[in-house]
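A.B. asks: fold the stuff below for me.
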Amino acid sequence: MALTQRLEFRQSQSLVMTPQLMQAIKLLQLSNLDLSAFVEEELERNPLLERASDGNEPPLAGEPAPERSEFSDFDPAGAAYGQDTSSDRSEMMNGSADGEPAQEEWMNRELGSRAEIEQTLDTRLDNVFSEEPAEAAARNAQDAAPTAYTEWGGGASNDDHYNLEAFVASEMTLGGHLAEQLAVAFAQPAQRMIGQYLIDLVDEAGYLPGDLGQAAERLGASPEDVEAVLAVLQKFDPPGICARNLSECLAIQLRELNRYDPAMQALVEHLDLLAKRDIVALRKLCGVDDQDIADMIGEIRRLDPKPGLKFGAARLQTMVPDVYVRPGPDGGWHVELNSDTLPRVLVNQTYYTELSKTIRKDGDKSYFSDCLQNATWLVRALDQRARTILKVATEIVRQQDGFFTHGVAHLRPLNLKAVADAIQMHESTVSRVTANKYMATNRGTFELKYFFTASIASADGGEAHSAEAVRHRIKQLIDAEDAGAILSDDTIVERLRASGIDIARRTVAKYREAMRIPSSVQRRRDKQSSLLLPT
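C.D. replies: Model prediction:
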C-alpha cells in the first residue's frame, strides 16, 4: 500500500475553552476575598480598567466645586443648611440691625483711665490680674499662636502624612513577650541563641515539638545545653509555656502553685484515664479517696491547657455572606446579593478613544486592543457571576422553604441536579457557584453547600428525609437522654424507625462520630462521673 500526501476538508464540532470562558469559570468558583484580590491585580495590569465611581471622588474639570461650610464663632442654628451667610457675616463685622456696636468699633473703643476701668469691673485690677510674673509669662507662652501649620489641631489631622496608626500601641505577641524575658534570663550569647531558637519553635498554643534533638543538631549544641535552656524557658510567664505535651504543661503550672505532690503527679501522668472518666482506676493510682480525687480533678480543670492563646494568634478573617435572605412582606423570602462583596469596575472607553487617535505603532495598537477586550470580558464575567449566584441562591431558598420557616428538622434532601434542572444550568456550574459562598439567613449564616444533603428513605414509604435533619434528630435524642438510661446505637435506630426514618445502625454510628459524640459506654461513664466531680 503506497503512502501519499493529500489535502482534505473535514467539518467537525468540538468544545473549545477560550481564555475568556476559562476566566468566567474561574471567577465563578472564587470566594469574595479571592475575587477582590483578582480584580485588584487586573486593575493594576489593565490601564483601561477602573473602579466604578461611588460618589466620593473629587469633581472633574469644569464642574463646580461643592459648597463647604466654614467655621465661625457665631451660632448657625438658625441658618438653613446651604444658606448664604455672607450677609450675616457682614452685619457682624460692620454692625448689627439692632444698633449694637460692630466688632471693629468695639475693639477700637478707648478703655479709659485705670479708675474708670476699676469702676466698670467693680474691683481693683490687682484682684483681676493677680498672677506672678513667671506664671503670666508661662500663660502668655501657652496662649501664643502657633508658629507652624502642624502645631494647629494637635498635629494637623488634614496633613497627608498624618498617620493615626502611629499612636496605636502594637499588640504584644507571644514571641515578643518571651523574647523580652529571654534578654534578662541569660547573659551568655550561646544560651540566648538557643533560647531564641526554641522560642521560634513555640506554636500559637505555647507548645514546643516533642523531640528537640533536631534543634540541638542544627544549632551545634549538646542536648544537655538545650535541656538546660528549656528548663529556664519553662519558668517564663505565662505558666505552662514551652511545654512539649499537655502533661508537662499542667505539671509546670502545678509546680508554680506548689501543688505538684506525688498524688497529683500520678494524675497528670495518666491523663488518658481522666479523658475516659475512669475515676476508679485514677483513685487507685493516686491512692486517694473519692473526695480527694474530685478536688484534684477540679484543680486540673482550673489550669490553662493552652497558655499561649492569651497573647492572641493569627487574625481570623470575618466570614462575609454573599447572599442575604430576609422574610418578605407577603410571607415569602426576599433574596438579594451582598453588594459589598461585588467589585465595581468599568471600562474606560473615553481613554481608549483618545489613545486610538494618537497611537501609531502596531504593537501598541495590539496591546490596547487586548486590554479593551480583556476589560470588557471581565466586566461581563463579573455581571454574569452575580446573576448566576442570585439565581442559584433563589432556587435553593425555594427548595428549602421548610428550613427557613421551621428549622433544620424540615431540611429536605437536595442535590445539584435538582437545582441545575430547575434553573436550566449544568451541575458543574451549580457546584462552582456553591463553592466558598455563604448565605445569611434568619437562622444563621450557612455555606451554600450546606443545603445539599443526601436523602434517607422513609420507613412508611413516604417522603424521604434529609441526612442533615436525621443528624439533628440523633443529636436531640442523645442530648435528652438520662444518665441512668443511655441510648445505644440500636436503641436510636429503633426510635428513628418509629418516627418514620429507615436508617441502618452503621449510619447512626457514622453520623454520631461525625458530630464528635462518644459511644454509649463513654457517655454513660462521663455522665456518672460528672455527678461526682465539682461543677
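A.B. asks: going by C-alpha atoms from here, please, whenever you check contacts or count neighbours.
C.D. replies: OK.
A.B. asks: sketch out the low-pLDDT regions of the protein for me.
C.D. replies: Scanning the chain with the threshold set as pLDDT under 70 gives 1, 15-17, 53-171, 312-318, 459-463, 528-535.
A.B. asks: max-length helix in it?
C.D. replies: helix 362-399 (DSSP state H).
A.B. asks: enumerate the positions of the next helix or strand after that helix that are buried.
C.D. replies: Using DSSP states H and E, the helix or strand that follows helix 362-399 towards the C-terminus is helix 401-406. Buried residues in helix 401-406, counting neighbours by 16 or more other Cα atoms under 10 Å, are found at 401, 403, 404.
A.B. asks: closest to residue 40 among these?
C.D. replies: Ranked by distance to residue 40 (Cα to Cα), the buried residues of helix 401-406 are led by residue 404 at 36.0 Å.
A.B. asks: got the contact list for the closest one?
C.D. replies: With contact taken as Cα atoms under 8 Å, 6 or more residues apart in numbering, residue 404 is in contact with 397, 441, 442, 443.
A.B. asks: who are the neighbours in contact with the second one?
C.D. replies: This means residue 441. 324, 325, 326, 404 are the contacts of residue 441 under Cα under 8 Å, 6+ apart.
A.B. asks: please tell me how far it sits from residue 32.
C.D. replies: 18 Å (Cα to Cα, to the nearest Å).
A.B. asks: just the strands in this protein please.
C.D. replies: Assigned by DSSP state E, the strands in the chain fall at 49-51, 323-327, 333-337, 345-347, 438-441, 444-447, 455-456, 465-466.
A.B. asks: name the helices or strands packed onto the last one?
C.D. replies: This means strand 465-466. Applying 3 or more Cα pairs under 8 Å, 6 or more residues apart in numbering; DSSP states H and E, we find strand 465-466 packed against strand 455-456.
A.B. asks: which strands or helices does the strand it packs on pack on?
C.D. replies: So strand 455-456, by 3+ Cα pairs under 8 Å, 6+ apart, packs with strand 465-466.
A.B. asks: mind listing residues that contact the strand it packs on?
C.D. replies: Against strand 465-466 from outside (Cα under 8 Å, 6+ apart): 411, 412, 413, 414, 453, 454, 455, 456, 457, 458, 501.
A.B. asks: ok, now stretch 254-273?
C.D. replies: 239, 247, 250-251, 274, 279, 281-282, 285-288, 296.
A.B. asks: how does it look with 7 Å?
C.D. replies: Applying Cα atoms under 7 Å, 6 or more residues apart in numbering, the external contacts of stretch 254-273 come out as 247, 251, 282, 285, 286, 287, 296.
A.B. asks: residues contacting the first one?
C.D. replies: Taking Cα under 7 Å, 6+ apart as the contact definition, residue 247 lies against 268, 269.
A.B. asks: what comes up buried for stretch 365-383?
C.D. replies: So, applying 16+ other Cα under 10 Å, buried residues of stretch 365-383: 368, 371, 372, 374, 375, 376, 377, 378, 379, 381, 382.
A.B. asks: export that stretch to CSV, keeping only CA atoms.
C.D. replies: Taking Å, rounded to 0.1, in the frame of the first residue of the first chain, the C-alpha atoms of stretch 365-383 are listed here in CSV:
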residue,chain,number,x,y,z
LYS,A,365,-2.5,49.2,19.0
SER,A,366,-2.5,45.4,19.5
TYR,A,367,-1.7,45.8,23.2
PHE,A,368,-4.5,48.3,23.9
SER,A,369,-6.9,46.3,21.8
ASP,A,370,-6.2,43.2,24.0
CYS,A,371,-6.6,45.4,27.1
LEU,A,372,-10.0,46.6,25.9
GLN,A,373,-11.1,43.1,25.1
ASN,A,374,-10.0,41.7,28.5
ALA,A,375,-11.6,44.6,30.4
THR,A,376,-14.9,44.1,28.5
TRP,A,377,-14.9,40.4,29.2
LEU,A,378,-14.1,40.9,32.9
VAL,A,379,-17.0,43.3,33.4
ARG,A,380,-19.3,40.8,31.6
ALA,A,381,-17.9,37.9,33.6
LEU,A,382,-18.5,39.7,36.9
ASP,A,383,-22.1,40.6,35.9
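A.B. asks: any chance of the contacts of residue 441 in TSV, plus distance to residue 448?
C.D. replies: What follows is those, written out as TSV (distance: Cα to Cα, whole Å):
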residue	distance to residue 448
324	12
325	12
326	16
404	13
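A.B. asks: which of those are buried, as a PyMOL select command?
C.D. replies: Only the buried entries of the contacts of residue 441 go into this PyMOL selection, using 16+ other Cα under 10 Å:
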select buried, resi 324+325+404
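A.B. asks: which residues of the stretch 101-250 of the chain fall in helices?
C.D. replies: Applying DSSP state H, counting those that start in this stretch to the stretch 101-250 of the chain gives helices spanning 103-107, 114-121, 125-128, 133-143, 174-185, 189-201, 213-219, 223-233, 246-256.
A.B. asks: now the buried residues of stretch 365-383 in a markdown table, with distance to residue 175?
C.D. replies: A markdown table is the format used below for the buried residues of stretch 365-383 (distance: Cα to Cα, whole Å):
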| residue | distance to residue 175 |
| --- | --- |
| 368 | 50 |
| 371 | 47 |
| 372 | 49 |
| 374 | 46 |
| 375 | 45 |
| 376 | 48 |
| 377 | 47 |
| 378 | 44 |
| 379 | 45 |
| 381 | 45 |
| 382 | 43 |
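A.B. asks: list just the nearest of those to residue 302.
C.D. replies: Out of those, the member with the shortest distance to residue 302 (by Cα to Cα) is residue 382, at 52.6 Å.
A.B. asks: how far away is that closest one from residue 345?
C.D. replies: For residue 382, the distance to residue 345 - Cα to Cα - is 9 Å.
A.B. asks: joint contacts of those two?
C.D. replies: With Cα under 7 Å, 6+ apart, residue 382 and residue 345 have no common neighbours.
A.B. asks: pull out the buried residues from the contacts of stretch 254-273.
C.D. replies: Buried among the contacts of stretch 254-273 by 16+ other Cα under 10 Å: 247, 251, 282, 286, 296.
A.B. asks: want to try JSON lines for the residues you listed, with distance to residue 50 as columns?
C.D. replies: As requested, the buried ones among the contacts of stretch 254-273 are exported to JSON lines (distance: Cα to Cα, whole Å):
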{"residue": "247", "distance to residue 50": "58"}
{"residue": "251", "distance to residue 50": "60"}
{"residue": "282", "distance to residue 50": "69"}
{"residue": "286", "distance to residue 50": "72"}
{"residue": "296", "distance to residue 50": "66"}
